[in-house]
Structures are given as C-alpha cells and as structure tokens.
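J.: Quick check, what structure comes out for this input:
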Amino acid sequence: MKIVTTPMCKDILDIAGIRDYNLIKHPSREYGDFAILLSESKVQDMDTLRIKINTFNQIFESIKNVSKYAPKQLTDNEINEYFKKYTLAYNWINNSSKAQKIKHRNKKIKVCVLSKFIKDIVEDMNFTITDKDYDYLIYPDYMDVEYSNNYCLIKIPTHNNISKNPIEKAELRYSILLNII
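T.: Numbers count the residues shown, from 1 in each chain. Down below sits the predicted model:
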C-alpha cells in the first residue's frame, strides 16, 4: 500500500512511525492508493483515513489511528511518552489537576467563536460558547473583525507564521486562550 498525505498531516505520520509515503498538496490516486488527510480535506478517488489535529486529544487519537498503518502500532503509553516533551499538551491529555482547575475556571467565561477548528479547542478547554452577551470574540487570523467595547477580541493563528508541528501549534493556540484572564 502506497500512502499519500499532505504537509499538514506529515508530522502525525512521522510521529506514528510511517516512513514510506508521498507528500502531496492535493493527493490523488496517481500518487498512491491510500491517503491520510485532515478531516476537511477533499479526495474523491481513493480510500482515506481522515484525522483531526486541533486539540491535544485529537492529536493523540490521530497518532494512535495512523500508527495502525506503521510497521509497529504505538501503544497509548508510547504516545504519552512522546507528549512528555510538551508540558501543556502532556498535562492536558493526562487531565492533571492544573488542567482540571483551568477547565473549571473557564466554564464561567462566555465566548463567541468564529471558526470550527477554534471551536474544537474552546470546547476542549471548557469555555461557555454563546452568540449573546459574551466576554470574548475568538476568531482566526485570516478574518477581519471589527472591534467593539462590548467584548475583547482574541485572534488565533492558523497556518502562517506558526509551527507546522501539530502539538506545538496546539500549544500556542491553547496558550493564547489560557492567557485571556
């Protein structure tokens, strides 16, 4: 089986132990017969494994699922070991007492979210999502949003000027949201 993937998923394959794959911006059958892609990606003519890499838990599960196609499937403990070098991510996926306190605190904070990928993170962080009377408007950096005195704006980086490593990317995004109070 010849695997193809996109630059956004490359690190997940590397972490999972897959070494033989084609890296293509727009995968199709001419480059391989199985694609590992982000869940939003569109591919018509080949079997795919769709993954999500917005939250720490999504990244963990994606590594686990992708490793099924590697020479050796990773255990939860092996994946957890990898996460140890990322303090915030490691504490979050292991539901440390600090992460629990943050989630409890965040429940009292009302936010409006203008992007699905950000919504995944905001839900994971346990903020209260609403379209009315919110304290913060959270939006991706590719959107133009007008300032208002009624709420604070929080811009989350998407693809430019941010690490390609999904864990580092998630840590930056979580950190921005952790620092809103």
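J.: Going by C-alpha atoms from here, please, whenever you check contacts or count neighbours.
T.: Fine.
J.: how deep is residue 156 tucked in, by neighbour count?
T.: Per other C-alpha atoms under 10 Å, the neighbour tally for residue 156 reads 18.
J.: List the beta-bridge partners for it.
T.: Legend: beta-bridge partners of residue 156 under DSSP bridges are residue 140.
J.: got the contact list for residue 12?
T.: Contacts for residue 12 were tallied using C-alpha atoms under 8 Å, 6 or more residues apart in numbering; they are 59, 62-63, 66, 166.
J.: which one of those has the most neighbours?
T.: Ranking the contacts of residue 12 using other C-alpha under 10 Å puts residue 63 first, with 26 neighbours.
J.: nearest to residue 78, of the contacts of residue 12?
T.: Nearest to residue 78 among the contacts of residue 12 is residue 63, at 10.5 Å by C-alpha to C-alpha.
J.: quick one: pLDDT of that closest one?
T.: On pLDDT, residue 63 comes in at 98.
J.: ok, it to residue 76 distance?
T.: According to C-alpha to C-alpha, to the nearest Å, residue 63 and residue 76 sit 10 Å apart.
J.: In the contacts of residue 12, find the pair that's most separated.
T.: By the measure C-alpha to C-alpha, 66 and 166 form the most distant pair in these, at 14.2 Å.
J.: how about low-confidence regions in this structure?
T.: Low-confidence segments of the chain, defined by pLDDT under 70: 181.
J.: Helices of that one, residue ranges please.
T.: Remark: helices assigned in the chain by DSSP state H are 10-16, 56-66, 76-83, 87-93, 97-106, 116-124, 166-178.
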